[in-house]
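J.: sequence-free structure coming up:
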């Protein structure tokens with residue numbers, strides 16, 4: 001990621017204040033981005049876009065915020081997180097709407113949600129994805145990229161609880177990510 005970071009702009013819709021740790025999580029995000037070589041970061045502070053895994057965000061408000069090139073979640077939000085799902089729907093409406101609301105110059109990619117088995121089989125999931133035919137892109141990390149991804153995850157100390165520790169060791173998204 002670091003060698004391509006000059007082309008990466010990170011837009012975070014919330015500072016992650018659901019548990020009252022917004023300031024901490026914001027600092028962790030900035031630290032993680034530095035590890036990944038991303039220095040163009042914007043964190044949105046909007047009272048209508050607060051972090052809450054059970055609340056869907058206003059799609060029309062999100063459409064006003066999203067920009068040229070976006071990598072976001074798919075319709076399942078990777079973990080079923082309602083905020084993540086809202087981002088997908090806002091982006092989908094931007095890309096596929098007609099008239100004045102349509103954004104034809106946007107490049108959009110979604111991180112594909114996979115079942116728990118596939119999520120934790122590491123590189124075998126990349127092989128599995130290659131065997132499945134479809135309109136998917138596969139982004140594969142180098143060994144150095146895997147290590148950097150693990151360090152970036154660990155930079156989110158307030159969220160680095162036991163199952164996320166296992167995730168960084170065994171998960172396929174650390175090795176590679178399937179996008180559509």
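T.: Structure's in. What do you need? As the structure is a computational prediction, the values presented were derived from the model and not from experiment.
J.: can you give me phi and psi for the residue nearest the centre of the chain?
T.: Centroid-nearest residue in the chain: residue 72, 5.0 Å away (criterion: C-alpha atoms, centre = their mean). Here is the backbone geometry of residue 72 (degrees, to the nearest 10): phi -140, psi -160.
J.: these two touch, right, it and residue 88?
T.: Yes. Contact status for residue 72 versus residue 88: in contact at 5.9 Å, counting by C-beta atoms under 8 Å. Every residue, glycine included, has its C-beta placed from N, CA and C.
J.: Now the residue nearest to the centre of the chain. Nearest residue, chain neighbours left out?
T.: residue 87 (4.7 Å; C-beta to C-beta, 6 or more residues apart in numbering).
J.: what sits up against the strand or helix carrying the one you found?
T.: Per DSSP states H and E: residue 87 is located in helix 82-96. Helix 82-96 is contacted from outside by 13-14, 51-60, 62-63, 66, 70, 72-78, 101-103, 106, 108, 110, using C-beta atoms under 8 Å, 6 or more residues apart in numbering.
J.: which of the residues in that helix are buried?
T.: Buried residues in helix 82-96, defined by neighbour count with 16 or more other C-beta atoms under 10 Å: 83-94.
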